[in-house]
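quick one, what's the 3D model for this:
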Amino acid sequence: MDNRCIGVFDSGLGGLTCVSEMIKVLGNENIVYFGDTGRVPYGSRSEETIIKYVRDDIGFLMKHHIKLIVAACGTASTVALPVLEGEYPVPVIGVVEPTVDAAVKATRNGKIGIIGTAGTISNGKYAKLIGEKKPDAVTVSAPCPLFVPLVENGLTDHEITRLTVEMYLEDIKNSGVDTLILGCTHYPMLKKVIAEYMGDGVTLIDPGAETAHFVKEYLESEDKLSDGKDKKENRYFVSDAVDGFEKIAGLFMGHDIGGLVEKVDIEKC
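Sure, this is the predicted structure:
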């Protein structure tokens, strides 16, 4: 048993899809979330900048009596975590391995699509790990840089979004994939529109959901699940305006988190 908190961070709001799933499967756990809304997006930044930002994010979370940290961000998981491995006294879990495991298990024809930020796709971590776990797999990747701003502006079910999905995913659809990794934790918010375009024969892999289940299995194996006796309200921190975050966060979480969000100066933490 371990009643310390789980820390979760993302470049903005996308990591809340992971938090939402963690609440479902880890209801006794206390979660501290940091969304770096003042420096979003990470996907278009240089590797050096992404690593700096991730160090800042983890450093902030480490101040909150943390037993485990989740990088609920595809870009951070693919670009920064391999560099920072072993740097912290608690496990830091990314979204890549749980997501790849689910995709490899789900595919029937061995053709797996990968979408993500520019940083995630250019890094190639998803494709490399798929190749290690399933050498005969064929991967097709596409960066989708407009998906994050569409989500964060509440345009999750809009004609502009449908046109953008078609533009980005046409080649992937035509390649015949039967599995599609939503390689950014924002993208599950577009699952309805993406599923409509890709069709019923394509399985969408949600990194937030897969990572939440991975965390549960890990904590069980290490006997570090909380017993719920110290359960409190989950805490949310951002590096920019609270109001805008609270409004859109309700869409991600499925419930209101008004009054639970605080702004911090991440550069001074």
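
show me what secondary structure element comes after the helix or strand of the chain with the lowest mean pLDDT.
Ranked by mean pLDDT, DSSP states H and E, the weakest helix or strand in the chain is helix 242-253, scoring a mean of 85. Downstream of helix 242-253, the next assigned helix or strand under DSSP states H and E is strand 261-263.

for the least confident helix or strand of the chain, the distance to its chain's centre please.
16 Å (CA atoms, centre = their mean, to the nearest Å).

can you give me the buried ones in it?
Within helix 242-253, the residues that count as buried by 16 or more other CB atoms under 10 Å are 242, 245-246, 248-249, 252-253. Glycine gets a C-beta too; all of them are placed from N, C-alpha and C.

quick check, nearest of those to L16?
Proximity of the buried residues of helix 242-253 to L16 (CB to CB) peaks at F252, which lies at 3.8 Å.

wait, doesn't the closest one sit right on M189?
Yes: using CB atoms under 8 Å, F252 makes contact with M189 at a distance of 6.6 Å.

apart from its neighbours in sequence, what residue is nearest T107?
Nearest residue to T107, sequence neighbours excluded (CB to CB, 6 or more residues apart in numbering): T179, at 4.3 Å.

could you pull up phi and psi at the one you found?
Phi and psi for T179, reported as degrees, to the nearest 10, are phi -140, psi 140.

strands of the stretch 151-269 of the chain, residue ranges please.
Assigned by DSSP state E, counting those that start in this stretch, the stretch 151-269 of the chain shows strands spanning 179-182, 203-205, 235-238, 261-263.

now render these as CSV, adding distance to D171.
Formatted as CSV, the strands of the stretch 151-269 of the chain follow (distance: least, CB to CB, whole Å):
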stretch, distance to D171
strand 179-182, 12
strand 203-205, 17
strand 235-238, 35
strand 261-263, 39
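
return the set of buried residues in stretch 85-98.
Buried positions in stretch 85-98, judged by neighbour count with 16+ other CB under 10 Å: 92-98.

correction: the previous question concerned stretch 207-219.
Within stretch 207-219, the residues scored as buried using 16+ other CB under 10 Å are 207-216, 219.

what bridges to the residue nearest to R235 when sequence neighbours are not counted?
Closest residue to R235 apart from its sequence neighbours, by CB to CB, 6+ apart: V32 at 4.9 Å. V32 forms beta bridges with G7, R235, as assigned by DSSP bridges.

is it true that V32 touches C5?
Yes: look at V32 against C5 with CB under 8 Å: they come within range, at 5.0 Å.

quick check: the nearest residue to N30 once chain neighbours are set aside vs G259, distance?
Among residues not flanking N30 along the chain, C5 sits closest, at 4.5 Å (CB to CB, 6+ apart). C5 sits 19 Å away from G259 when distances are taken as CB to CB, to the nearest Å.

which one's more surrounded, those two?
Applying other CB atoms under 10 Å to C5 and G259 shows that C5 carries more neighbours, namely 22 against 9.

list residues touching both of V32 and C5?
Counting by CB atoms under 8 Å, 6 or more residues apart in numbering, the common neighbours of V32 and C5 are 64, 66.

would you list the phi and psi of the residue of the chain most remote from its centre?
Relative to the mean C-alpha coordinate of the chain, counting by CA atoms, centre = their mean, the farthest residue is K229 (28.2 Å). Main-chain dihedrals, K229, degrees, to the nearest 10: phi -70, psi -30.

what's the neighbour count on the residue lying closest to it once chain neighbours are set aside?
Once flanking residues are discounted, K229 sits nearest to N3: 6.8 Å by CB to CB, 6+ apart. N3: 17 surrounding residues under other CB under 10 Å.

how close does V264 sit to F34?
Per CB to CB, V264 is found 8 Å from F34.
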